[in-house]
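Peer 1: Would you be able to build a 3D model of this:
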Amino acid sequence: MAREQGSATSARIGQRVLRALVESLTETAVLVSDRAGVIRAVNAVITSWAPRLVAGRVLAETAPAWLTAADASGTVTAHGGMGSRQVTARRAELPGGHHAWYLTDVTDARSTDRELRLAHGRAEFLAEASAGLLSSLDPRTCVTATAELAASRLADAAVVVTPPDRQRLRLTRAVAGRPGVEECALAVDPAEVPGLPEALAGSPPPPPRRTDPVRAPDWLLPEDFGAPVSLLVTPLPGNGVPAGALVLMRRLGGPFTVEEKAFAQVFAARAGAAISASVLYTEQARSAALLQEELLPPRLGPIRGTEVAGSYRPSRETLRIGGDFYDTYPAEESDGESTVVLGDVCGKGLEAAVLTGKIRNTLSALRLVETDHVRLLTLLNHALLNTAHARFATMVLAGVTPLGRGQVRLRLTTGGHPAPLILRVSGDVEEAGTSGTLIGAVPDVRATTFTTVLQPGESCLLYSDGVTEARGGVTGREFFGSERLKTTVAGCVGMPVEALVEHVELRTTEWLADRPHDDIALVGVAAPRGSVRVR
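Peer 2: Next up is the predicted model:
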């Protein structure tokens with residue numbers, strides 16, 4: 001009798017110890033059942049997951065089917081849901097036919113894995129979007145890319161709305177799975193779309209209330225899209241000035257989530273910056289093109305009784321402008337003297353081009369009050385010395401007066417510039433006897449004027465040192481030089497002045513063979529050829 005009481009006491013003590021042991025585990029969900037399948041011990045962790053699993057109840061009646069399905073001996077692993085959790089359970093055999101269940105919540109791990117995959121996908125999309133948006137500096141291309149990218153990933157349809165121009169909104173619509181975009185400009189009221197006026201102004205739209213209906217006017221919707229069930233409007237931030245607004249639409253599903261709105265704003269920030277940069281670049285390129293047109297050597301105007309042709313090649317082909325320049329100033333009177341000028345400002349590129357523009361404008365004004373070449377160069381020298389520029393210039397002035405019967409009188413004066421070459425009808429090449437000091441370098445200008453008469457068919461070539469100092473040849477370091485230029489000019493006897501200029505430019509280009517070079521300018525002045533016979 002005492003032995004039986006001792007055994008019962010030991011059993012009760014064992015149950016208490018077992019229960020205390022299980023309940024002491026606070027990080028792992030544990031359940032113990034006996035041979036009859038009655039739950040003998042559970043801890044607080046598993047009770048919080050499944051309140052029905054309590055000591056004294058039959059496990060098969062209260063536990064999920066997946067937990068009791070595996071009844072083989074040994075250790076068994078099962079997976080299933082328990083409330084809002086996704087659980088993995090491991091069953092272990094205990095002495096006396098008891099079983100212990102160890103449950104692990106994998107909900108957080110799987111959720112984290114999904115979040116990581118989602119974050120990775122979004123990062124890949126943003127990288128792809130950035131590459132697509134930055135692949136072009138054309139605003140229209142950037143807007144189209146924005147609409148297509150947003151429709152492919154963020155919604156069923158996307159509309160890019162750019163700020164009003166002449167009271168008209170420009171819309172670019174894209175639909176997921178539909179190639180191309182729809183573009184139009186409409187005189188509509190942006191207030192018909194909630195939040196659109198604020199987004200166009202660069203401010204975040206006010207959050208809609210849950211009870212607010214989705215309002216999307218027909219002019220906003222892509223063709224055959226239907227009424228959207230949800231709408232999201234976000235600004236496209238620009239560089240100081242808003243680039244527009246992005247409208248996202250869904251056909252199915254609920255409203256855009258907080259995470260989706262945040263991701264759309266990140267994409268919109270990148271798209272807005274790209275669109276704004278493209279607009280700024282286009283405006284600057286247009287302004288630069290206008291300025292370049294003003295600074296480029298002009299199309300040479302006709303001079304009565306004279307043939308004139310010019311050629312210009314800047315040192316940097318992409319810039320189109322440089323330090324060499326030429327111009328013609330036709331005589332105001334029919335028997336007066338016209339002026340041709342060719343010059344070279346120290347340096348090259350934009351800074352030199354700006355100074356050439358000032359010199360051309362100054363010469364245009366000074367020649368109206370001064371016809372003597374030396375005094376004209378002296379006045380120009382004073383004007384350059386009084387500017388902030390530390391650059392100097394060289395130039396040659398040619399006074400051109402038709403004498404009748406095909407003859408042309410030339411007055412040639414250089415200021416630190418190579419002397420012009422005169423091609424006689426006999427094929428001889430003469431160097432004009434004129435010289436002078438640099439313009440804008442020293443206070444006093446000294447120059448001599450050379451006068452000659454061109455007979456019918458004879459020419460005079462004005463050129464910059466970019467021709468004679470062009471490096472090429474076998475070594476790539478040899479100058480084209482004055483003698484080679486004279487030989488080239490001599491081979492042009494009997495040619496029209498346009499052909500003379502073109503031939504010299506061609507020979508210089510061949511000599512350079514795509515090597516770096518200085519600005520190159522050429523101007524040819526010729527007496528009409530008439531019926532001249534070449535000797």
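
Peer 1: Measure how buried the nearest residue to residue 511 once chain neighbours are set aside is and give me the count.
Peer 2: Closest residue to residue 511 apart from its sequence neighbours, by C-beta to C-beta, 6 or more residues apart in numbering: residue 472 at 3.9 Å. Every residue, glycine included, has its C-beta placed from N, CA and C. Residue 472 is flanked by 19 other residues according to other C-beta atoms under 10 Å.

Peer 1: shouldn't residue 472 be in contact with residue 480?
Peer 2: Yes: when contacts are counted by C-beta atoms under 8 Å, residue 472 is listed as touching residue 480 (6.7 Å).

Peer 1: any shared contact partners between those two?
Peer 2: Both residue 472 and residue 480 are contacted by residue 511, under the criterion C-beta atoms under 8 Å, 6 or more residues apart in numbering.

Peer 1: Any figure for the gap between residue 204 and residue 275?
Peer 2: 18 Å (C-beta to C-beta, to the nearest Å).

Peer 1: what about these two, which has more around it?
Peer 2: The neighbour comparison of residue 204 against residue 275 (other C-beta under 10 Å) goes to residue 275, with 27 against 13.

Peer 1: who are the neighbours in contact with the more buried one?
Peer 2: 133, 139, 142-143, 146, 162, 236, 238, 243-244.

Peer 1: of those, closest to residue 468?
Peer 2: Relative to residue 468, the closest of the contacts of residue 275 is residue 139; by C-beta to C-beta it sits at 45.4 Å.

Peer 1: Which helix or strand lies directly C-terminal to the helix-or-strand element of the chain with minimal mean pLDDT?
Peer 2: One helix or strand of the chain scores below all others by mean pLDDT, DSSP states H and E: strand 76-82, with a mean of 56. Sequence-wise, the next helix or strand downstream of strand 76-82 (DSSP states H and E) is strand 85-93.

Peer 1: what's the longest helix in the protein?
Peer 2: Longest helix in the chain, counting residues (DSSP state H): helix 258-295.

Peer 1: before we move on, the earlier item: angles on the backbone of the residue nearest to residue 511, please.
Peer 2: According to degrees, to the nearest 10, the main-chain angles of residue 472 amount to phi -170, psi -140.

Peer 1: Of the contacts of residue 275, which belong to strands?
Peer 2: 162, 236, 244 (DSSP state E).

Peer 1: Hmm, the last one is touching residue 233, no?
Peer 2: Meaning residue 244. No: checked against C-beta under 8 Å, the pair residue 244 and residue 233 is beyond contact range at 11.1 Å.

Peer 1: So those two - more neighbours on which side?
Peer 2: residue 244 (28 against 24).

Peer 1: ok, now how distant is that one from residue 34?
Peer 2: With distances taken as C-beta to C-beta, residue 244 is found 71 Å from residue 34.

Peer 1: just residue 198 next, same as before
Peer 2: Residue 198 is 68 Å from residue 34, by C-beta to C-beta.

Peer 1: For the stretch 51-200 of the chain, give me the ranges with low pLDDT.
Peer 2: 68-85, 106-115 (pLDDT under 70).
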